[in-house]
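**Q** my questions are about this predicted structure, shown below with the sequence.
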Amino acid sequence: MNLGSFEMRYGLVAMVLGTWAFGCVGGSKGLTAEEKEKLKTYVLDTMPANVPTKLDVNFENKIRLLGFKAEPEIARPGADIKITYYWKCEDSVDEGWRLFTHVQDDASDHPIGNLDGEGPLRKIQGDKPVLGPDRWEKGKYYVDEQTYHVPDDVTGETISFYVGVWKGESRLRVLTGPNDGSNRAIAGKLKTGLSSAKAPPAPPPEPAIPRLMVRKTTDKITIDGVADEKVWATAASTGPLVDVGTGRLNSSFPVSGSVKLLWDDTHVYAFFSVKSSQFYMGFTDAKAQPADFTAAGQPKLWTKDTVEWMIDPDGDGDNKDYYELQFGPQTTKVFKSQFDTLQQPNGGPNGPFGHEDWDPKLKSVALVTKGPDGKPDGYSVEVAIPWAGFTKGNGKAPKPTDSWRMNFYAMKENSGVAWSPILGKGNFHHAPRFGRVMFVTPAPVASASASAPVAPPPPKPRP
């Protein structure tokens, strides 16, 4: 999904990146005395106590959404309502980051409003918001007011407001708090006053946690980025990865993929197949590109293009003692880490994220794939990880019928598709939604035995 075009869908904001650089310091710089006076009521030293809906949505430890208010609380068709969001600046963001608001009719999942440039803080002055998050002051609270006209043709009993922080093709990641799986915070859901008779049928049941029976192999697998060994043809497959928020196939995403798995006594193997017409291969030097690498020197692959493999060896999905691996289209660029609890330890906006010194001694090879026209159409990644690397899983191969929790993603700019959808219940680290992988051995082939009893011939019919 092209985030830039989505934000522009309603033509409310001219997408022209500015040249200001006031990242969370000196929030009043560049404003006239008159503008400062007008905006001072929207910049607070403390969080108001009377906010009706309390939230805590964490955007990369930089921005937090702390509350939501609607006046009136019923969003009747044709009415104007005043919406207020309460934000806190925790740390600096680069120039050009802006707030977005998407409104959705919950009856049809259809967008019914884009308020990116609406409100005193977001008012476009020249080609920039007058007080966007790139001009916020660390430690301050910001009162973000908007007016929304509810369309006359709303059909659902409720409408939802989604907000976030965007720049170009990227969004700040939601680390914790209610969200839709695409780095949009679920700020509020308002009743429309419509009767249940006009409401749509009940939504389909939540997709079940997927399961995969992964067969043990004795064949030799060469890690070269090409699944040309015969055993890969019959390996367990996730099938097409699905929309991380809904669990349904979504052809509008700019990336798609699938994953196959195998195992033996020494390693677990994965083969990722990714389709994407464009992907980034510019991770080169941590010193020359500090914004592209963590404090520990690993590439931030999730900000561009990557596949991601989450592994919870004990299989209980409790977000304790789990692993994260990411592999981009460049063979030498791998992100790997181990977490004690949900995304902890965390060293701050630039990490380290988890224990980045974890080294499972894996081997991986990525290859760019080409379509019939000879142009790149995606990439594949083949991976072998020694069981000994999973020290939180006792460092040994699983026994047949052991079950681990895993999830797989194909990502582009912090969004993407998944094996097991998160359904807005957290972010990509949300282990309770990881799929279940059971390790099995091939069934023995039945054969005749010389010592086996021979069935007696059927009795002859009586004359």
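**A** Arrived safely, thanks for sending.
**Q** any weak-confidence spans in the protein?
**A** Across the chain, the ranges flagged by pLDDT under 70 are 1-31, 196-203, 443-463.
**Q** rerun that using 80 as the cut-off
**A** Along the chain, the model assigns pLDDT under 80 to residues 1-32, 169, 195-205, 393, 443-463.
**Q** from residue 45, how far off is residue 135?
**A** 17 Å (C-beta to C-beta, to the nearest Å). Any C-beta I mention is one placed from the backbone N, CA and C, and that applies to glycine too.
**Q** which one's more surrounded, those two?
**A** Between residue 135 and residue 45, residue 135 has the larger neighbour count (other C-beta atoms under 10 Å), namely 26 against 7.
**Q** next, the more buried one: phi, psi?
**A** phi -120, psi 10 (degrees, to the nearest 10).
**Q** put the alpha carbons of the longest helix belonging to the chain into PDB.
**A** For the chain, the longest helix by residue count, based on DSSP state H, is helix 33-39. Once non-C-alpha atoms are left out, helix 33-39 reads as follows in PDB (Å, rounded to 0.1, in the frame of the first residue of the first chain):
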ATOM      1  CA  ALA A  33       4.500  36.200  18.100                       C
ATOM      2  CA  GLU A  34       0.900  36.100  17.000                       C
ATOM      3  CA  GLU A  35       1.200  32.400  16.100                       C
ATOM      4  CA  LYS A  36       2.800  31.600  19.500                       C
ATOM      5  CA  GLU A  37      -0.100  33.300  21.200                       C
ATOM      6  CA  LYS A  38      -2.700  31.400  19.200                       C
ATOM      7  CA  LEU A  39      -1.000  28.000  19.800                       C
END
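**Q** ok, and what's touching whichever helix or strand comes after that helix?
**A** The helix or strand immediately downstream of helix 33-39 is strand 43-44, counting by DSSP states H and E. Residues lying outside strand 43-44 but in contact with it, judged by C-beta atoms under 8 Å, 6 or more residues apart in numbering, are 27, 131, 137, 140-143.
**Q** please redo it, this time with the cut-off set to 10 Å
**A** The contact list for strand 43-44 (C-beta atoms under 10 Å, 6 or more residues apart in numbering) reads 27-28, 36, 86, 88-89, 121, 131, 136-137, 140-143.
**Q** so how far is that strand off the chain centroid?
**A** 31 Å (C-alpha atoms, centre = their mean, to the nearest Å).
**Q** after that strand, next one along is what?
**A** Sequence-wise, the next helix or strand downstream of strand 43-44 (DSSP H and E) is strand 53-59.
**Q** can you list the buried residues in that following strand?
**A** Residues of strand 53-59 classed as buried: 53, 55, 57-59 (neighbour count, 16 or more other C-beta atoms under 10 Å).
**Q** which residues sit against that strand?
**A** Residues from elsewhere that reach strand 53-59 (C-beta under 10 Å, 6+ apart): 47, 63-70, 73, 84-88, 90, 93, 97, 133, 163-165, 171-179, 183-189, 343, 427.
**Q** that strand pairs with which strands?
**A** strand 63-71 (antiparallel), strand 174-176 (antiparallel) (DSSP bridges).
**Q** if you count neighbours, what's buried in the longest helix of the chain?
**A** For helix 33-39, the neighbour count (16+ other C-beta under 10 Å) marks 35, 39 as buried.
**Q** next one: stretch 391-406
**A** Within stretch 391-406, the residues that qualify as buried by neighbour count (16+ other C-beta under 10 Å) are 392-393, 397-398, 403-406.
**Q** what's the neighbour count on residue 252?
**A** Neighbourhood size, residue 252 [other C-beta under 10 Å]: 8.
**Q** that one in helix, strand or coil?
**A** coil (DSSP: H, G, I helix; E, B strand; the rest coil).
**Q** start the count at 744 instead of 1 going forward.
**A** Sounds good: first residue 744 from here, last item residue 995.
**Q** go ahead and confirm it touches residue 925.
**A** No - using C-beta atoms under 10 Å, residue 995 makes no contact with residue 925, being 11.6 Å away.
**Q** next, the distance between the ends of stretch 910-930.
**A** 20 Å (C-alpha to C-alpha, to the nearest Å).
**Q** flag every buried residue along that stretch.
**A** By 16+ other C-beta under 10 Å, the buried positions in stretch 910-930 come out as 910, 912-930.
**Q** and residue 1167, what is it in contact with?
**A** The contact partners of residue 1167, taken as C-beta under 10 Å, 6+ apart, are 905, 917, 921-925, 927-929, 987-989, 1173.
**Q** mind checking which of those are in strands?
**A** 905, 917, 928-929 (DSSP state E).
**Q** out of the residues you listed, the closest to residue 1113 would be?
**A** Comparing the ones in strands among the contacts of residue 1167 against residue 1113 with C-beta to C-beta places residue 917 closest, at 35.1 Å.
**Q** show me what contacts the closest residue to residue 1128 other than its chain neighbours?
**A** Of all residues not flanking residue 1128 in the chain, residue 1105 sits nearest, at 4.5 Å (C-beta to C-beta, 6 or more residues apart in numbering). Applying C-beta under 10 Å, 6+ apart, we find residue 1105 in contact with 966, 1010-1011, 1068, 1070, 1077, 1079, 1126-1129, 1132.
**Q** quick check: residue 1105 vs residue 1095, distance?
**A** 19 Å.
**Q** centre of the chain to whichever strand or helix holds residue 842, how far?
**A** If you go by DSSP H and E, residue 842 is part of strand 841-848. Centroid separation between strand 841-848 and its chain, computed with C-alpha atoms, centre = their mean, is 18 Å.
**Q** show me what that strand is packed against.
**A** helix 746-750, strand 823-832, strand 853-857, strand 871-872, strand 884-892, strand 901-910, strand 928-934 (3 or more C-beta pairs under 10 Å, 6 or more residues apart in numbering; DSSP states H and E).
**Q** try it again with 8 Å
**A** Strand 841-848 sits against strand 853-857, strand 884-892, strand 901-910, with contacts defined as 3 or more C-beta pairs under 8 Å, 6 or more residues apart in numbering; DSSP states H and E.
**Q** next helix or strand past the shortest one?
**A** The one in question is strand 853-857. strand 867-868.
**Q** in its sheet, what does that next one sit against?
**A** Using DSSP bridges, strand 867-868 pairs in its sheet with strand 871-872 (antiparallel).
**Q** all helices for the stretch 944-1093 of the chain, in order.
**A** 973-976 (DSSP state H, counting those that start in this stretch).
**Q** distance of the closest residue to residue 834 other than its chain neighbours from residue 1086?
**A** Leaving aside its chain neighbours, residue 834 sits nearest to residue 805 (4.6 Å; criterion: C-beta to C-beta, 6+ apart). Distance check for residue 805 against residue 1086: by C-beta to C-beta, it reads 15 Å.
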